[in-house]
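Chemist: Structure, please.
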Amino acid sequence: MAESTSTFNTPVLWINEYLKEKIGLDTGIGVPFFPSRPATIDELTESWVTITPSSTQEPQRLAYAGVMATWDRLIRMRRSPFPHIKQEQLLYYFYATQDNVIENMVQVQEKVLRLMDREDETGEEINKWAKAKGQIDGMDCKFFFHRFRVYQLEEVRDIIDFGTARTYGGNKIIIDFEYHQDTEISSS
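Modeler: Next up, the predicted model:
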């Protein structure tokens, strides 16, 4: 199986790498992205986040700055009879665990909001970014992004989750997006 048709080549891969690069380059905060799973935040304190802005620039290593993100992919029911446009949601939990918690959380939250809550403009920017990026881990982007919207929820459960994770601050952001995929990947 070719790398571009790998099951690891998902829209989430491209969105996470886009956010990791943009947050890192614009704020200097290296934010690692993990799928939701049992883990200890303590393991991150000596981690580095590597950002490769484009094929012509050297990779940058940003020290873990006390902010991490976990994500869940939420595949939504198709609401139209047209089967080629997919709609999904990404549920991100951003955790701040070290110094400057409020400042770092505000910077990361604002960056995600400003990047991702621009409907078609966000889709166009990610498509342009992915084309310039070329490949991630040997995979070509086989997705064409359309619209993005951002939602934020505050729930009592979040306070409990953030408290049990021994964090000082947290934020839950939902990104709703639409895309279609290349026929090469959809027929494999």
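Chemist: show me where this protein has strands.
Modeler: Using DSSP state E, the strands of the chain run over 33-35, 48-51, 60-63, 67-75, 86-96, 135-136, 139-140, 143-152, 169-181.
Chemist: out of those strands, nearest to residue 120?
Modeler: Comparing these against residue 120 with Cβ to Cβ, the closest turns out to be strand 143-152 (5.6 Å). For the C-beta atoms, the positions are set from N, CA and C on the backbone; glycine is no exception.
Chemist: what sits up against the closest one?
Modeler: Contacts with strand 143-152, where a contact means Cβ atoms under 8 Å, 6 or more residues apart in numbering, come from 11, 14, 85, 112-113, 116-120, 122-124, 126-127, 130, 171-182.
Chemist: strand partners of that strand, parallel vs antiparallel please.
Modeler: Strands that pair with strand 143-152, judged by DSSP bridges, come out as strand 169-181 (antiparallel).
Chemist: C-alpha coordinates for the strand it pairs with, PDB please?
Modeler: Extracted C-alpha coordinates of strand 169-181, given in PDB (Å, rounded to 0.1, in the frame of the first residue of the first chain):
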ATOM      1  CA  GLY A 169      -5.700  25.700  33.300                       C
ATOM      2  CA  GLY A 170      -7.600  24.100  30.500                       C
ATOM      3  CA  ASN A 171      -9.800  24.700  27.600                       C
ATOM      4  CA  LYS A 172     -12.000  22.600  25.400                       C
ATOM      5  CA  ILE A 173     -12.400  23.600  21.700                       C
ATOM      6  CA  ILE A 174     -14.500  21.900  19.000                       C
ATOM      7  CA  ILE A 175     -13.500  22.500  15.400                       C
ATOM      8  CA  ASP A 176     -16.200  21.500  12.900                       C
ATOM      9  CA  PHE A 177     -14.900  21.100   9.300                       C
ATOM     10  CA  GLU A 178     -15.900  19.800   5.900                       C
ATOM     11  CA  TYR A 179     -13.600  18.200   3.300                       C
ATOM     12  CA  HIS A 180     -13.600  15.800   0.400                       C
ATOM     13  CA  GLN A 181     -10.900  13.300  -0.300                       C
END
